[in-house]
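Peer 1: Build me a model:
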Amino acid sequence: MKNLFRLIAICALVALVGCATPQPPVALDQSFYTQKGKSVGVMLKVPEKPGLALEGNVGLLDYAIISAATSALTDNIERQGLDEFVAVSEDLSHSLESAGFQVVRLQAPAKAVKMAKFKDPDSKDQTYFAARDHRAMAQQYGVDYLLKLTATRTGLARPYYGFVPTDAPRAVFDVHGELIDLSSNQLLWYANMPHAAYADGEWDEKPKFPGLTNSFYVVMNQARQDVIGALAKRNASGSSLALKQGADEATTAQQETPEKL
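Peer 2: Residues are numbered from 1 along each chain as shown. From the prediction side, this is the model:
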């Protein structure tokens, strides 16, 4: 009976996902950087701490068994910090200001703000709009554009079938980003950026798990670099222009990532 309920739940989820049309990625058009005298609100949201995500067919009893078996691994990853990714907000603020924008740093709300759904006026063209109506934020915060970055998954992930692991844990750092024109609710940039890496060598080295811990910092720095690169101002040849000292420091950090134990 338990397996039957699981099967029904999985089928229902597949049906729901199948009905939804995923938003395709939207690359930033460089004409954005011709908008002089405009203001950008930068909003960054990250979890309080990294964690261990369980993937696959896991039941309630399985969660309890896995939690006991992975307590040392979970405790270690939860002790790691997210400051190296949080610094991307400063990197982007510097680069936007150097391009002539005014930047307003916005605090992400603790709870999701209710917004009305927004209907695309022409769903057949290649102009995309945010799923929710953000236009009221223009007057609320006094900005023309909203840049939202969310670290949707940080830490480690491991697949299971029941309470049995089917693969080694891996470090993950997934980022979702949107740049919205608040005058029209149009998406000027939209991206989901997953990052993952296995430990280099043995991973199960208690209590500090150095291989997995270092892999976590590698994928976090990669996430930071990818966000900076996706939003970079480019010259006529398409090469990315320098983004001030903050971006340079991010590159150095990735090349010289110490063990964070």
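
Peer 1: residues of the longest strand belonging to the chain that come out buried?
Peer 2: Ranked by number of residues, the top strand in the chain under DSSP state E is strand 145-161. Neighbour-count burial for strand 145-161 flags 145-160 (criterion: 16 or more other CB atoms under 10 Å). Every C-beta, even on glycine, is put in place using the N, C-alpha and C of the backbone.

Peer 1: same question, stretch 51-60
Peer 2: The neighbour-count check on stretch 51-60 (16+ other CB under 10 Å) flags 52, 54, 58 as buried.

Peer 1: Hmm, G41 and A108 touching each other?
Peer 2: No: A108 is not in contact with G41 according to CB atoms under 8 Å; the separation is 10.9 Å.

Peer 1: more neighbours, the two?
Peer 2: Just comparing A108 and G41: by other CB atoms under 10 Å the higher neighbour count belongs to G41, 23 against 13.

Peer 1: mind listing the strands for the stretch 101-250 of the chain?
Peer 2: 102-107, 145-161, 164-165, 170-181, 186-193, 196-198 (DSSP state E, counting those that start in this stretch).

Peer 1: partners of the shortest one in the sheet?
Peer 2: By that I understand strand 164-165. Counting by DSSP bridges, the strands paired with strand 164-165 are strand 145-161 (antiparallel).

Peer 1: Show the pLDDT at A20.
Peer 2: pLDDT for A20: 63.

Peer 1: Tell me where the longest helix sits in the chain.
Peer 2: Longest helix in the chain by number of residues (criterion: DSSP state H): helix 210-230.

Peer 1: which stretches of the stretch 151-261 of the chain have low pLDDT?
Peer 2: 236-261 (pLDDT under 70).

Peer 1: ignore the last one, the stretch 1-150 of the chain
Peer 2: In the stretch 1-150 of the chain (pLDDT under 70), the answer is 1-20.

Peer 1: Okay, helices next: where are they in it?
Peer 2: Applying DSSP state H, counting those that start in this stretch to the stretch 1-150 of the chain gives helices spanning 2-19, 60-69, 71-78, 83-86, 88-98, 136-141.

Peer 1: on that earlier part again, and the longest helix of the chain, what does it pack against?
Peer 2: When contacts are defined as 3 or more CB pairs under 8 Å, 6 or more residues apart in numbering; DSSP states H and E, helix 210-230 packs onto helix 71-78, helix 83-86, helix 88-98, strand 145-161, strand 170-181, strand 186-193, strand 196-198, helix 244-255.

Peer 1: List the buried residues for that helix?
Peer 2: 210-228, 230.

Peer 1: and the gap between the residue nearest the centre of the chain and M193?
Peer 2: Central residue check for the chain by CA atoms, centre = their mean: the C-alpha nearest the mean position is that of V175, 1.2 Å away. Distance of V175 to M193, given as CB to CB, to the nearest Å: 4 Å.

Peer 1: Pull up the overlap in contacts between these two.
Peer 2: 223, 226-227 (CB atoms under 8 Å, 6 or more residues apart in numbering).

Peer 1: ok, of those residues, which one's closest to K114?
Peer 2: Comparing the shared contacts of V175 and M193 against K114 with CB to CB picks out V227 as the nearest, at 26.9 Å.

Peer 1: Centre of the chain to the longest strand of the chain, how far?
Peer 2: The chain centre lies 5 Å from the centre of strand 145-161; the measure is CA atoms, centre = their mean, to the nearest Å.
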